[in-house]
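1. just a sequence and a predicted model for now, questions to come.
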Amino acid sequence: MGSDEALPYQENTLDFVINSCVIQHLHSFDEVCKAFKEIQRVLKKGGEFFLVFKCGNHDSEITHFNPHYGYNRTFRVYDHGKVKDYLESIGFEIKQEDKAVDQLYLPYSFFVVKKL
């Protein structure tokens, strides 16, 4: 999904959306915000959104060597608190949130949110 693309669903039709390690491939927090608004558009009232992303210094890139792929990979990371604040500002209730570190020592944020 590019920053100006609409999801192929009618408004208020989905019960849930899963977004796992997707936003780290967008180019800016503005693009992330557009994607979140689009997800909110297609969710039913009370629908849930599960979000996982690499977190770090807000709206910046990190590069690391991934031995599974055998080369350096670059991602954009976002601050956990700023993502949370934005989700709440557009009408999501935070049901659950957490952070974890994977085996490569990369930090992740997790959210389960509900459309109000």
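-> Happy to help now that I have it.

2. give me the pLDDT for the most far-flung residue of the chain relative to its centre.
-> When distances are taken from the C-alpha mean of the chain, Gly70 lies farthest, 25.5 Å away, according to Cα atoms, centre = their mean. Gly70 is assigned a predicted lDDT (pLDDT) of 95.

3. flag every buried residue along the longest strand seen in the chain.
-> Using DSSP state E to assign secondary structure, the strand with the most residues in the chain is strand 43-54. With burial defined by 16 or more other Cβ atoms under 10 Å, the residues of strand 43-54 counted as buried are Leu43, Gly47, Glu48, Phe49, Leu51, Val52, Phe53, Lys54. Placement of C-beta: from N, CA and C, glycine included.

4. the nearest residue to Cys55 once chain neighbours are set aside: what secondary structure?
-> Sequence neighbours aside, Ser109 is the residue nearest to Cys55 in space, at 4.2 Å (criterion: Cβ to Cβ, 6 or more residues apart in numbering). Secondary structure state of Ser109, per DSSP: H, G, I helix; E, B strand; the rest coil, is strand.

5. if anything else comes up later, I'll come back, but that's it for now.
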